[in-house]
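Asks: below are the sequence and a predicted model for it; my questions follow.
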Amino acid sequence: MGNFSLTLVDTLDTLVLLDETEEFERVVKLVIASVRFEQDIVVSVFETNIRMVGGLLAAHVLAKELQRRRGEMMWYRSELLDLAQDLGYVLLKAFDSATGMPYPRINLKYGLDGLDHQKHTCAACAGTMLLEFAALSRLTGDPIFEEKSRLAMDYLWHKRHSSSSLMGHIIDVDSGDWIRRESGIGAGLDSYYEYVLKTYILLGDETYLHRFHRHYQGLLKYVMVNSRMQDVHMHQPQSTSKPYLDALTAFFPGLQVLYGDVELAKDSFRTLHKVVQRYNFLPEAFTPEPELRMYWAESYLRPEFIESTYFLYSATKDPFYLEVGENLVESLEIYSRVKCGYAALKDTNAGTHDDRMDSFFLSETLKYLYLLFSEPEELLVDLHDYIFTTEAHLLPVQLARQNVTFFPRQHLEVHTHSEEPSLSCPSSHLVVNFSSIWDEFIDVSPLDSRDASAVPQCRHRPEMSQTAQQQRLQQRSVFASEINWENPEHVILLAEMGITVVKRDGTILISQDAAKAKHMGLAAEGMLFLQEIAQTFRQPSARELFFPPAAVRITSEQTGLDRILKAAPAQFGKQLGKDLTTLKGKLAYADPPSACTADGLTNIRGNIAVVSRGSCMFVEKARNVEGAGAVAMIVVDNKEGTSFQADVSAFAMSGDPGSNNTAVTIPALFLYDVEGKVLLDAFNRCDDLVVTMGPGQ
């Protein structure tokens, strides 16, 4: 796995949940001082992502929470996020394949050099990048990580079996051909299915909910027949592919809970619990029912079984699951405890130890055990506000509305479909008694702590009379010319019309399923809206539906300089050309340059603050410089070589819909690297430089 303190990083957020914040602070300083990635070692892309990138991101988020909630670690300046970004850029090289899927291994120093022979990867390895990479993009403002990992997920989705929606096990990264076509829910496939559903929960992208629904139906039909788990052939799912199940299948009841299928999750869990009762631990492999015999004797103290125990207890509050956890703790103490930790077992029957304790034991197994017996008020954070990655690292669900980048629209597709699941109730046969995501499916801002007994119910939609429908159409909720795709109220209105909007791969996909509309009147209004959108996008002025470009004019009487630089706008603050025509002023460098803290910003009062991109949200920078007295803000890109003309990922700086963006009243613009260097060069050369911010041409 590499010599870069993996276990230390993988365990950081566990320390916070244990309220060992002094030790957390000590270890964070140690990681910042010692962890570097320019090493000539070959690592697993999958494992490095889930353990290292995920661990660094979760630790960064919780360090910020300690600052906000307790005033601790005020010295911290997003160094862990910087490390995660550095590592992310290294891992990006693995995506340089014909299919867009990542190669399984990479050299931290030399990339893919010397690794030409590796081209086969598992579906889980290629499809377990998006949570960490999307979080990295949202936290840093660099969209490349999310873009690459979305493309990989899209490719895998299109390689599913067309009728069963099952996935294969091993795929060729270059050709896209399946090498091994066994299909199940264990090793090689487990976290792919997990990330399809959890991407919806984290990012609010309904595409992934629809995909998971399709996969889940296939799994219930072929892999989990009457709760009897088995592995099958992808293209011949009626026949089994191997005589055993592996320990990683134990994650699935927990995923079923997240999907809302608690009753079937209980059934799946019962089978696994029978094996644990027989052997004290879940062995690495065992035969399906009815035998449930040990197939491989090892046990690496994996977290999946206790993970499902935790989620089922959270959903049901049934003390049975506490008893299961208590028995597992006793088994760990009796059979696994050694002088310096907890040893894996070479032979579960004989109780012989193996000289290993994987990092997931600290980052996942012990974490889920602790959370199982913890009360919500004992924790630093409300877990409703977070999603667990496959390595049990915490990522905040508010990322769904943070630093959302607009990719250029190459074309627009409008289509209707009837095969997708209704979002008001994930599956018609589900018995949902878990206060989860479903009662607020369209609201992906941080979830409030809810009473677990408050059960979201599926309701029949009331019908409207024809007169009421006509009146509703005359009133119109929103017109295409008024739509703002990032306005939560507009998103909710579209959802009530049965309209789904997905931004992916340079394309905006707008679809309507009339059956999802709140009532027939809104369904009819949705059809009108689609017609208006289609007409609008045939016109050259379609770009006006989005934020128009802006400009920065720089002038100097001493040097005769008079130049206009194209800029990207912001979705917050005063809008140039709308709220005010232009703004003229002098420049001042922010110190610190990122403006991610208000401390030290004393030299920008009355001036236009120049800040660098990265380390925190754009809107957070704006709040800080406005609080320090700046009259406007210009953000300069920190990525070398980007320009307004050449960069194909032009965007509008996003706000934070989970908070009050109206608190920012100054205008803000974004300059790419090339234009930013022109501005900064002029600022350094011209003492009388005047900057005018205004709308673009």
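Replies: Nice, I can see it.

Asks: quick one: average pLDDT of stretch 574-592?
Replies: Stretch 574-592 comes out with an average pLDDT of 84.

Asks: any chance you could map the helices in the stretch 51-200 of the chain?
Replies: 54-70, 79-92, 123-126, 130-140, 144-158, 190-203 (DSSP state H, counting those that start in this stretch).

Asks: show me what the longest one is packed up against.
Replies: Contacts of helix 54-70 with other secondary structure elements, assessed using 3 or more C-beta pairs under 8 Å, 6 or more residues apart in numbering; DSSP states H and E, are made with helix 6-10, helix 12-17, helix 21-34, helix 79-92, helix 130-140, strand 394-396. Using the backbone N, CA and C atoms, a C-beta is placed for each residue, glycine as well.

Asks: okay if I get those as JSON lines plus mean pLDDT?
Replies: JSON lines is the format used below for the helices and strands packed on helix 54-70 (pLDDT from 0 to 100):
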{"stretch": "helix 6-10", "mean pLDDT": "95"}
{"stretch": "helix 12-17", "mean pLDDT": "97"}
{"stretch": "helix 21-34", "mean pLDDT": "96"}
{"stretch": "helix 79-92", "mean pLDDT": "96"}
{"stretch": "helix 130-140", "mean pLDDT": "95"}
{"stretch": "strand 394-396", "mean pLDDT": "96"}
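
Asks: out of the ones you listed, which is closest to Phe361?
Replies: Closest to Phe361 of those is helix 6-10 (C-beta to C-beta; 9.3 Å).

Asks: hang on, the earlier thing: quick one: closest of the helices and strands packed on helix 54-70 to Glu194.
Replies: Closest to Glu194 of the helices and strands packed on helix 54-70, according to C-beta to C-beta: helix 130-140, at 9.0 Å.

Asks: contacts only, for the residue of the chain most remote from its centre.
Replies: Farthest-out residue of the chain from its mean C-alpha position, per C-alpha atoms, centre = their mean: Gln558, at 50.4 Å. Gln558 makes contact with Cys686, Asp687, Asp688, according to C-beta atoms under 8 Å, 6 or more residues apart in numbering.

Asks: which of these tops the neighbour count?
Replies: When neighbours are counted by other C-beta atoms under 10 Å, Cys686 leads the contacts of Gln558 with 18 neighbours.

Asks: for Asn107, find the nearest of the helices and strands packed on helix 54-70.
Replies: Set against Asn107 and scored by C-beta to C-beta, those come closest in helix 79-92, at 9.0 Å.

Asks: and that closest one, what does it pack onto?
Replies: helix 21-34, helix 54-70, helix 130-140, helix 144-158.

Asks: the shortest one: how far from the chain's middle?
Replies: Relative to the mean C-alpha coordinate of its chain, helix 130-140 is positioned 6 Å out (C-alpha atoms, centre = their mean, to the nearest Å).

Asks: need the contact partners of that helix.
Replies: Helix 130-140 is contacted from outside by 49-50, 53-54, 57, 60-61, 81, 84-85, 88, 142-150, 152-153, 195, 198-199, 202-203, 387, 389-390, 393, 395, 399, 402-405, 614-615, using C-beta under 8 Å, 6+ apart.

Asks: okay, the angle between it and helix 190-203?
Replies: Between the axes of helix 130-140 and helix 190-203, defined by axes from the mean of the first three to the mean of the last three C-alpha atoms, to 10 degrees, the angle is 30 degrees.

Asks: reformat the helices and strands packed on helix 54-70 as CSV; add mean neighbour count.
Replies: Compiled in CSV, those are given as follows (neighbours: other C-beta atoms under 10 Å):
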stretch, mean neighbour count
helix 6-10, 22
helix 12-17, 23
helix 21-34, 16
helix 79-92, 21
helix 130-140, 27
strand 394-396, 23
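
Asks: now the ones you listed as CSV including distance to Ala632?
Replies: Conversion of the helices and strands packed on helix 54-70 to CSV gives the following (distance: least, C-beta to C-beta, whole Å):
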stretch, distance to Ala632
helix 6-10, 39
helix 12-17, 37
helix 21-34, 33
helix 79-92, 26
helix 130-140, 23
strand 394-396, 30
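
Asks: how about those, which one is nearest Gly111?
Replies: Nearest of those to Gly111, taken as C-beta to C-beta: helix 79-92 at 7.6 Å.

Asks: give me the most central residue, the chain.
Replies: Nearest to the geometric centre of the chain sits Leu131, at 3.5 Å (C-alpha atoms, centre = their mean).

Asks: leaving out the residues flanking it, which one is nearest to that residue?
Replies: Thr389 (5.1 Å; C-beta to C-beta, 6 or more residues apart in numbering).

Asks: how close does the one you found sit to Leu209?
Replies: Using C-beta to C-beta, to the nearest Å, we find Thr389 at a distance of 18 Å from Leu209.

Asks: between the two, which one's more packed in?
Replies: Legend: neighbour count by other C-beta under 10 Å for Thr389 and Leu209, higher for Thr389 (28 against 22).

Asks: I figured that one hits Leu395, correct?
Replies: Yes - with contact defined as C-beta atoms under 8 Å, Thr389 and Leu395 form a contacting pair (6.3 Å).

Asks: got any residues that touch both of these two?
Replies: Gly54, Ala58, Leu131, Glu132.

Asks: state the distance from the residue nearest to the centre of the chain to Leu81.
Replies: 16 Å.

Asks: okay, now the unreliable bits of the stretch 251-400 of the chain?
Replies: For the stretch 251-400 of the chain, no stretch is flagged by pLDDT under 70.

Asks: which residues in it form strands?
Replies: Under the criterion DSSP state E, counting those that start in this stretch, strands of the stretch 251-400 of the chain are mapped to 285-286, 294-296, 337-338, 341-342, 345-347, 352-353, 386-388, 394-396.

Asks: out of the helices and strands packed on helix 79-92, nearest to Val276?
Replies: helix 54-70 (26.9 Å).

Asks: got the buried residues for that closest one?
Replies: 54-66 (16 or more other C-beta atoms under 10 Å).
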